[in-house]
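Student: sequence and predicted structure below; questions after.
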Amino acid sequence: MKKYLLVPIILLSLSNVSLFGQDTNGKKSVAADRIIKVDYNKSAGKLNTMFKECIGAGRANEGLRADWQQQLALAKKECDFKYIRMHGLLTDDMAVYKEDSKGNPEYNYQYIDALYDFLLSIKIKPFVELGFMPSALASGNETIFWWKGNVTPPKDYKKWEDLIRNLTQHFTERYGADEVKTWYFEVWNEPNLSPGFWTGTQEEYFKLYDYTARAIKSVNPAYKVGGPATAGAAWVPETIEFATKNNVPLDFISTHAYGVGQGFLDEFGGSGTVLSKDASSVSGEVINSRKQISSSTKPNLELHYTEWSSSYTPADPIHDSYHSAAYILQKLKQVGNAANSMSYWVFTDIFEEPGPRFTPFHGGFGLLNTQGIKKPAYFSYSFLNKLGETELQNADTSSWATKNAKGNVQVLFWDFTYTLQDATNNQQYYIKDLPSKSKGAVKIEVAGLQKGKYTLEIYKVGYKANDVFTDYLGMNKPNQLNLQQVSTLKQRNNGSPIVTENITIDSKGMYSKEFNINENDVLLLNFVKQ
């Protein structure tokens with residue numbers, strides 16, 4: 001493996017002229033277009049890691065697949081997600097509920113146990129989305145997605161309540177109350193998209209929420225339950241008002257936001273999505289949700305965005321594009337402290353809402369494609385996970401600077417530029433080879449460093465740098481990848497440092513250098529004390 005890692009380091013170190021501007025100790029001809037100044041001794045406090053609190057996955061049954069589990073274990077190791085949320089826990093393919101000939105409920109949790117045992121074995125906790133309706137308990141036949149999740153209210157709310165209570169009791173007996181106290185129980189998914197995800201009314205959703213919350217709390221009052229898990233940041237004030245007026249338990253608000261400005265439930269990307277030009281898309285909705293909570297009767301509720309991404313369709317090529325890496329970081333930085341978690345939708349293209357996909361790169365939501373090849377979006381999270389636990393004061397709005405207890409320093413910075421052309425949608429634009437234009441030089445100044453020798457690791461995502469889709473285009477977009485092609489794409493997009501160099505910090509404690517940056521580049525500098 002070491003032989004392979006040396007190749008990109010050596011080759012790319014020969015092209016430093018394109019990455020680095022002139023060292024500031026040498027002669028400079030032009031001033032930097034942007035300066036990021038930080039001081040090792042000026043802390044901004046503990047780094048807020050809401051970005052890795054939770055990650056999404058398609059549906060529970062997919063989590064029984066070996067390749068899904070292998071990919072999640074990798075994402076856990078390199079990105080360190082704490083929770084995972086998915087649809088379909090109670091859908092028929094999880095074999096949870098049926099009734100005997102007399103209408104008596106029968107419960108079965110063997111599939112859920114297999115899934116949750118695995119999650120906990122790799123130290124990921126479930127963010128339990130309770131849905132969809134088992135067909136034996138459903139009031140109608142309406143379903144959503146290829147895998148037919150039933151979206152109707154229960155035919156008998158008492159039987160639904162009994163199921164949720166029994167399931168919660170089962171979790172308690174299997175994993176212990178102390179463990180389950182750390183979980184989140186979320187009631188349903190996007191009930192405001194009717195009839196898509198819920199054929200009932202808002203009033204009927206609140207009834208479902210009431211029965212569900214009381215069932216969970218009857219097992220243990222310390223268990224956390226919330227909702228409304230709406231699309232488009234909807235129903236937040238209404239949910240709080242309902243819970244307050246009716247004395248219904250509510251421990252957190254959950255809702256969703258996507259960075260496109262039209263329609264929902266476009267499973268196949270057929271309507272043509274357009275990335276929003278609004279600089280505060282997604283993040284503005286999160287900040288507004290926090291304001292709604294703060295001005296409510298329950299101002300201290302946690303806020304969890306249990307789905308977010310650039311686009312709500314799993315047929316949007318922006319998900320595969322290098323533009324996504326900078327987009328993700330820009331939105332997370334803008335959110336700041338407004339959310340307790342921002343759960344990216346989703347970690348893998350093993351995702352079958354529109355049915356199994358037929359090509360390796362099809363605009364799927366995943367950070368990883370079906371073969372486990374890392375997309376540019378993946379590196380947003382793996383780079384974030386390399387940051388230290390203490391944030392440094394930093395006035396730049398498109399970067400993080402951190403340090404850790406070992407004396408190491410990390411500077412993660414990027415450019416996000418909206419390049420989508422007018423009258424063009426995502427499906428037409430992001431499928432192309434899209435060279436990036438220069439955005440000038442970024443000067444990095446780190447003061448207060450401890451004197452001594454450091455290894456400086458430089459990581460990058462951008463056009464033709466950990467840019468698997470452009471590599472795939474270079475292969476002429478094969479509909480199926482052979483083993484060698486998979487190996488090649490994984491090796492070329494493995495996230496290794498593009499440059500590793502030894503530097504010496506003198507008694508002045510200063511590092512200063514300019515870096516050339518292009519549109520939608522992401523760079524991570526990791527100063528490792530020797």
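Tutor: Okay, I see it. Numbering: from 1, shown residues only.

Student: rest of the way, CA atoms for contacts and neighbours
Tutor: Will do.

Student: who touches stretch 350-361?
Tutor: Outside of stretch 350-361, the residues within contact range by C-alpha atoms under 8 Å, 6 or more residues apart in numbering are 57-59, 62, 68, 145-147, 267-268, 320, 364, 366, 369-371, 469, 478-481.

Student: measure that stretch end to end?
Tutor: Taking C-alpha to C-alpha, to the nearest Å, stretch 350-361 runs 12 Å from one end to the other.

Student: repeat for stretch 127-138
Tutor: Using C-alpha to C-alpha, the end-to-end distance of stretch 127-138 comes out at 23 Å.

Student: which residues sit against stretch 436-447?
Tutor: For stretch 436-447, the external contacting residues (C-alpha under 8 Å, 6+ apart) are 21, 32-40, 415, 463, 509-520.

Student: contacts only, for the closest residue to residue 99 other than its chain neighbours.
Tutor: In space, residue 99 comes closest to residue 105 once its chain neighbours are excluded; the distance is 4.5 Å by C-alpha to C-alpha, 6 or more residues apart in numbering. If you count contacts by C-alpha under 8 Å, 6+ apart, residue 105 has them with 97-99, 159.

Student: give me the secondary structure label for residue 457.
Tutor: At residue 457 the chain is in strand, as set by DSSP: H, G, I helix; E, B strand; the rest coil.

Student: hang on, the earlier thing: inside strands: which ones of the contacts of residue 105?
Tutor: Residues of these located in strands (DSSP state E): 97-99.

Student: for stretch 333-344, buried residues please.
Tutor: 333-335, 338-344 (16 or more other C-alpha atoms under 10 Å).

Student: and stretch 387-397, by the same measure?
Tutor: Within stretch 387-397, the residues that count as buried by 16+ other C-alpha under 10 Å are 387-394.

Student: nearest to residue 128, of the buried residues of stretch 333-344?
Tutor: residue 343 (13.0 Å; C-alpha to C-alpha).

Student: how many neighbours does residue 58 have?
Tutor: 22 (other C-alpha atoms under 10 Å).

Student: would it count as being in a strand?
Tutor: Yes: counting by three-state DSSP, residue 58 falls inside a strand.

Student: tell me which element residue 44 is part of?
Tutor: Assigned by DSSP states H and E, residue 44 falls within strand 43-46.

Student: strands paired with that strand, and their directions?
Tutor: Within its sheet, strand 43-46 is paired with strand 390-392 (antiparallel), according to DSSP bridges.

Student: so what touches the helix or strand just after the partner strand?
Tutor: With elements assigned by DSSP H and E, the helix or strand that comes after strand 390-392 is strand 399-403. Outside strand 399-403, the residues that touch it by C-alpha under 8 Å, 6+ apart are 38, 40, 47, 333, 387-394, 409-414.

Student: what pairs with strand 399-403, and is each one parallel or antiparallel?
Tutor: For strand 399-403, pairing defined by DSSP bridges yields strand 390-392 (antiparallel), strand 409-414 (antiparallel).

Student: so where's this structure uncertain?
Tutor: 1-31, 262-269 (pLDDT under 70).

Student: so how many other residues sit close to the nearest residue to residue 418 once chain neighbours are set aside?
Tutor: If the residues on either side of it in the chain are set aside, residue 418 comes closest to residue 277, at 7.1 Å by C-alpha to C-alpha, 6+ apart. Residue 277 has 13 neighbouring residues, counting by other C-alpha under 10 Å.

Student: ditto for residue 99
Tutor: With other C-alpha under 10 Å as criterion, residue 99 counts 12.

Student: for the nearest residue to residue 133 once chain neighbours are set aside, list each beta-bridge partner.
Tutor: Setting aside the residues directly before and after it, residue 133 is nearest to residue 150 in space (C-alpha to C-alpha, 6+ apart), at 5.1 Å. For residue 150, the beta-bridge partners are residue 143 (DSSP bridges).

Student: contacting residues around residue 150?
Tutor: The contact partners of residue 150, by C-alpha under 8 Å, 6+ apart, come to 91, 132-135, 138, 141-144.

Student: can you say which of those are buried?
Tutor: Neighbour-count burial (16+ other C-alpha under 10 Å) is assigned, among those, to 91, 132-135, 138, 142-144.

Student: and the residue nearest the centre of the chain, what does it touch?
Tutor: The chain has residue 344 as the residue nearest its centroid, 2.1 Å off, counting by C-alpha atoms, centre = their mean. By C-alpha under 8 Å, 6+ apart, residue 344 lies in contact with 54-56, 306-309.

Student: then residue 480?
Tutor: Residues near residue 480 by C-alpha under 8 Å, 6+ apart: 359-360.

Student: cool, residue 205 as well?
Tutor: Contacts of residue 205 (C-alpha under 8 Å, 6+ apart): residue 191.

Student: need the three-state assignment for it.
Tutor: With three-state DSSP as the basis, the three-state label of residue 205 is helix.

Student: what does the one 5 residues further on give?
Tutor: Under the three-state scheme (three-state DSSP), residue 210 adopts helix.

Student: next up, the contacts around the closest residue to it other than its chain neighbours.
Tutor: In space, residue 210 comes closest to residue 248 once its chain neighbours are excluded; the distance is 6.2 Å by C-alpha to C-alpha, 6+ apart. By C-alpha under 8 Å, 6+ apart, the residues touching residue 248 are 210, 213-214, 242.

Student: tell me which two of those sit farthest apart.
Tutor: 214 and 242 (14.1 Å).

Student: before we move on, what SS does the residue located most distally from the centre of the chain have?
Tutor: Centroid-distance maximum for the chain: residue 102 at 44.7 Å, with C-alpha atoms, centre = their mean. For residue 102, the secondary structure call by three-state DSSP comes out as coil.

Student: quick revisit: ok, of the contacts of residue 344, which come out buried?
Tutor: Among those, the ones that count as buried by 16+ other C-alpha under 10 Å are 54-56, 306-309.

Student: secondary structure element holding residue 171?
Tutor: Following DSSP H and E, one finds residue 171 within helix 157-175.

Student: do you know how far the residue nearest to the centre of the chain is from residue 88?
Tutor: Applying C-alpha to C-alpha, the value for residue 344 to residue 88 is 18 Å.

Student: buried sites along the helix holding residue 171?
Tutor: Using 16+ other C-alpha under 10 Å as the test for burial, helix 157-175 gives 160-169, 171-172.

Student: now swap in stretch 492-512 and tell me
Tutor: 492-493, 495-500, 503-504, 509-511.

Student: who's the closest spatial neighbour of residue 408, skipping the chain neighbours?
Tutor: In this structure, residue 408 finds its nearest non-sequential neighbour in residue 528, 4.9 Å apart by C-alpha to C-alpha, 6+ apart.

Student: please disregard the earlier target; I meant residue 69.
Tutor: Residue 69 sits nearest to residue 63 (C-alpha to C-alpha, 6+ apart), 6.4 Å away.

Student: confirm the one you found sits in a helix?
Tutor: Yes: the assignment for residue 63 by three-state DSSP puts it in a helix.

Student: before I go, just wanted to say thanks for your time.
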